[in-house]
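Sequence and predicted structure are below.
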2 protein chains.
Amino acid sequence: MGMSKGAETKEAIIREALKTASVEGIDGLTIGNLATKLKMSKSGLFAHFGSKEALQEAVMDTAARRFLDAVWVPAKAEPRGLPRLRALYRNWQEWMLHNPDLPGGCVLTSAATALDDKPGPVRDRLVSMQKEWQATIAKAIELAVREGHFRADLDCEQFAFELNGILLNLTFHQRLLRDRQAAERCSTAFEALVSRAASRTAQAA
Amino acid sequence: MGMSKGAETKEAIIREALKTASVEGIDGLTIGNLATKLKMSKSGLFAHFGSKEALQEAVMDTAARRFLDAVWVPAKAEPRGLPRLRALYRNWQEWMLHNPDLPGGCVLTSAATALDDKPGPVRDRLVSMQKEWQATIAKAIELAVREGHFRADLDCEQFAFELNGILLNLTFHQRLLRDRQAAERCSTAFEALVSRAASRTAQAA
DNA sequence: TGACAATTAGTACGACCGTTCGTATTTTAT
DNA sequence: ATAAAATACGAACGGTCGTACTAATTGTCA
């Protein structure tokens, strides 16, 4: 005996909602549209969540879980320090570019600009996710310092900060401008960031 | 004799629409809401544009014009090369952070993620604006090479690419995470970018 | 000032929104 | 198999959306 019937359809709803939110944005989700795609009634779908906001929260949670499973979990399996960091970057880039389940790109990324001025539980959830992610990256970088891959006085949060910018920029150039060189340029930027962190010469970083 | 009455109200509409789009996003614009704020009828406002899409196009055009006036025009007055580039960065950062007319941040930035999967004239306009802007930056960097401020083999488009990422990241950390150190971190990243471009040691950039 | 054009208002439309409610159906557990 | 509980449906609600019309008002210029 696996899931109850209700849990199964709820999962199917969220799966479809994620795909839609990827293209239309988290605010572009509508109950009716979703119900049509899943061939069920509006009210039947609605009953699983009780409100549109709750649906959005569920979508965000699932998006975060999938992101961590695809990007962080496999990276954590790599040896700590630079190898793990490189894996993290590689997986993250891959997540941004090629994700069959998210044809419109990363939901959390588009939500970041869509929700930045819209207070509420959905925004709150997103903010705490992003802060946690930034902290996770920073810790991975600290390990690289401890391993001796990076210089001891490196500002790890600054590194994490800039790394985030590279991936934001990747989405921008890839998805909006359809720049074929975007991934390559981002890899270049990442390598520059790494070599800046490795160099012993005093340099603000 | 200045503008006709119609042109004046049209300008007022766009001004208000820009403010709204800054907070709600370019897709969050609605004729009714806008009409209420300006104390006019929906139909009266609508008549100025003929369609919602045309209103959005007008908003995007105005947003771009204002951006260039605030960021590029004053930078162009600085001596070419590094000084001009620094002014460009300073003005750009200022535009992203403190803009009384755009309480929700840069409209073109939020539109970039909102429209990346929504084909149409509004998206087309945004794309060409962003490409032009990237080209403008690249040219300013080329001048810095010619002036001898940057090394001769610098990849100017790569520099422009990364610069864009810094400003995207600024918006992200400032507007979503409310990170007080965001501006400082971006300045640090910018200076690192500059020093990387200036150093004669061969380094992929 | 009078006539004409430009601008605004008013009303209505069909479509879709999130949500509620009563009812039917199906799953689950005894 | 049967009773209870979970799940899904259909219809309807009040709203808002963009847009199309006509009518009234206002600005413009000979």
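Structure's in. What do you need?

Not counting residues beside it along the chain, what's closest to whatever residue of chain A ends up closest to DNA strand D?
The minimum distance from chain A to DNA strand D, using C-beta to the nearest atom of the strand, falls at residue A:6 (2.1 Å). (C-beta placed from N, C-alpha, C; glycine too.) In space, residue A:6 comes closest to residue A:48 once its chain neighbours are excluded; the distance is 7.1 Å by C-beta to C-beta, 6 or more residues apart in numbering or on different chains.

mind listing what that neighbour touches?
Neighbouring residues of residue A:48 by C-beta atoms under 8 Å, 6 or more residues apart in numbering or on different chains: A:6, A:9, A:10, A:13, A:55.

Can you say which of the residues you listed are buried?
A:9, A:10, A:13, A:55 (16 or more other C-beta atoms under 10 Å in any protein chain shown).

Tell me the predicted confidence for the third one.
If I follow you right, that is residue A:13. With respect to pLDDT, residue A:13 scores 98.

quick one, what contacts it?
Taking C-beta under 8 Å, 6+ apart, we find residue A:13 in contact with A:34, A:38, A:45, A:48, A:55.

Helix or strand: which one has the last one?
When you say that, I think you mean residue A:55. Residue A:55 is part of helix A:52-67, with elements assigned from DSSP states H and E.

Check whether that helix comes close enough to DNA strand C to count as a contact.
Yes: judged by C-beta under 7 Å from any atom of the strand, helix A:52-67 and DNA strand C are in contact via A:52, A:53.

coming back round to it: filter the contacts of residue A:13 down to the ones in helices?
Counting by DSSP state H, the contacts of residue A:13 place A:34, A:45, A:55 in helices.

check the residues you listed against DNA strand D, which are close?
Near DNA strand D, by the rule C-beta under 7 Å from any atom of the strand, you find residue A:45 out of these.

For the residue of chain A found nearest DNA strand C, give me its contacts.
Proximity of chain A to DNA strand C (C-beta to the nearest atom of the strand) peaks at residue A:32, 2.7 Å away. Applying C-beta under 8 Å, 6+ apart, we find residue A:32 in contact with residue A:42.

Need the three-state assignment for it.
Recorded secondary structure, residue A:32: helix (DSSP: H, G, I helix; E, B strand; the rest coil).

circling back: could the buried ones among the contacts of residue A:48 be laid out in TSV, adding secondary structure?
TSV is the format used below for the buried ones among the contacts of residue A:48 (three-state DSSP):
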residue	secondary structure
A:9	helix
A:10	helix
A:13	helix
A:55	helix
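
ok, which pair from those is furthest apart?
Farthest pair in the buried ones among the contacts of residue A:48 (C-beta to C-beta) is A:9 and A:55. Separation: 13.1 Å.

quick one: the top helix by length along chain A near DNA strand C?
Longest helix of chain A, by residue count under DSSP H: helix A:121-146. No: Helix A:121-146 stays clear of DNA strand C (C-beta under 7 Å from any atom of the strand), getting no nearer than 12.3 Å.

Does at least one residue of that helix sit close to chain B?
Yes: using C-beta under 8 Å from any C-beta of the partner chain, helix A:121-146 reaches chain B at A:126, A:127, A:130, A:131, A:134.

Now do the buried residues in that helix.
By 16+ other C-beta under 10 Å, the buried positions in helix A:121-146 come out as A:122-123, A:125-127, A:129-130, A:133-134, A:136-138, A:140-145.

same deal with stretch A:82-95?
A:82, A:84, A:85, A:86, A:87, A:88, A:89, A:90, A:91, A:92, A:93, A:95.

what about that stretch and chain B, touching?
No: contact between stretch A:82-95 and chain B is absent, the nearest approach being 13.3 Å (criterion: C-beta under 8 Å from any C-beta).

State the mean pLDDT of that stretch.
Stretch A:82-95 shows an average pLDDT of 98 in the prediction.

what's the neighbour count on residue A:27?
20 (other C-beta atoms under 10 Å in any protein chain shown).

got the contact list for the spatially closest residue to it that is not a sequence neighbour?
Leaving out its chain neighbours, the residue that sits closest to residue A:27 by C-beta to C-beta, 6+ apart is residue A:114, at 5.6 Å. Residues in contact with residue A:114 (C-beta under 8 Å, 6+ apart) are A:25, A:26, A:27, B:25, B:110, B:113, B:114.

out of these, which one sits closest to residue A:61?
Nearest to residue A:61 among the contacts of residue A:114, counting by C-beta to C-beta, is residue A:26 at 12.1 Å.
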